[in-house]
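Undergrad: Give me coordinates for this.
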Amino acid sequence: MRRVLTGLALVVALCSVGAANAASLPVSSGSLTTVRASAPCAQTLSVTATSTTATSSVDVTVPAGCAGRLQVALPDAGVHGQLASASGSVTVPLSGAFTPVRGTVVVATLDGWAVPARWVASSPFSPANPTTVVRSVTWSAAWPSGACADVVVTTTTNQPSHWVVALDTTVPPFDGRTTGYTITGGQAVFAPPGTPVDGVLSVVGSNNGWDTIRAGQTRTFRVCHPDVAVP
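TA: Take a look at the predicted model:
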């Protein structure tokens, strides 16, 4: 019994000393650091190229209510960029140039947090292989209705190569239309099966010498649809 009482006395004494020491500790004012416990945005950012040809920047739409230090990377193209602060619609300069293609992979963060991001095609026409370059797309009204796109294709390779252009029927102005497309100009045709596959019509050179291209050459074609407006 004596040992138990002695132990209790020792605990009480230590607690008393600790409390006294704590009471005598100096207290200094300071600032509290707040740490964000969740991502600053659960909504999806939209990312699109600033040009249909090689470009070194992207346009990003940050959803309402989201903002922060924005970082964007295109892993397949090996380029990236950032802005110290971003909200609404912004243009992000990249570390190098890239050529936009359908389904470009994009990764984005806000204030260091990974946020959902999706690639939005700036044009329904894009290169479908590494050697194809879509030089220009010019829209005009069709008669008696609809719209037409005049597309000029080239390449940067000196060796003759087959060119392919992807026509994404899911983006404006086509908005998911799967039929009604015509192609003219004599230099291009719709590749088999001639109907969209996963929303894409493939345009290739016709077999009478227009199916290959090399640097300095161009191929042109016109695609029309009677039920769409000029974008």
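Undergrad: At which residues are the helices of this protein located?
TA: 2-24 (DSSP state H).
Undergrad: Determine the longest strand present in it.
TA: In the chain, assigned by DSSP state E, the strand with the most residues is strand 88-98.
Undergrad: Run me through the strand neighbours of that one, direction for each.
TA: Next to strand 88-98 in the sheet, as set by DSSP bridges, lie strand 55-62 (antiparallel).
Undergrad: Please work out which residues outside the longest strand of the chain touch it.
TA: 49-50, 54-62, 64, 70, 72, 74, 77-83, 86 (C-beta atoms under 8 Å, 6 or more residues apart in numbering). Every residue, glycine included, has its C-beta placed from N, CA and C.
Undergrad: tell me the contacts of the residue lying closest to Leu70 once chain neighbours are set aside?
TA: Nearest non-adjacent residue to Leu70, counting by C-beta to C-beta, 6 or more residues apart in numbering: Ala86, 3.7 Å away. Contacts for Ala86 (C-beta under 8 Å, 6+ apart) come out as Val60, Val62, Ala67, Gly68, Arg69, Leu70, Val92, Leu110.
Undergrad: picking that back up, in the longest strand of the chain, which residues are buried?
TA: By 16 or more other C-beta atoms under 10 Å, the buried positions in strand 88-98 come out as Val92, Leu94, Phe98.
Undergrad: Which member of the residues you listed is positioned nearest Ala188?
TA: Phe98 (24.9 Å; C-beta to C-beta).
Undergrad: partners of the closest one in the sheet?
TA: Phe98 has these beta-bridge partners by DSSP bridges: Thr55.
Undergrad: how close does it get to Leu110?
TA: From Phe98 over to Leu110 the distance is 22 Å, taken as C-beta to C-beta, to the nearest Å.
Undergrad: related to what we said a few turns ago, adding pLDDT and distance to Ser145, write the contacts of Ala86 out as TSV.
TA: TSV is the format used below for the contacts of Ala86 (pLDDT from 0 to 100; distance: C-beta to C-beta, whole Å):
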residue	pLDDT	distance to Ser145
Val60	96	35
Val62	94	37
Ala67	93	43
Gly68	93	46
Arg69	95	48
Leu70	96	42
Val92	97	38
Leu110	95	44
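Undergrad: From these, keep the buried residues only.
TA: Using 16+ other C-beta under 10 Å, the buried members of the contacts of Ala86 are Val60, Val62, Ala67, Gly68, Leu70, Val92, Leu110.
Undergrad: Wait, the second one touches Thr44, no?
TA: No. Val62 is not in contact with Thr44 according to C-beta atoms under 8 Å; the separation is 10.2 Å.
Undergrad: residues shared between the contacts of these two?
TA: By C-beta under 8 Å, 6+ apart, no residue touches both Val62 and Thr44.
Undergrad: Can you tell me which residue sits nearest the middle of the protein?
TA: Most central in the chain under C-alpha atoms, centre = their mean is Trp119, positioned 3.4 Å from the mean C-alpha point.
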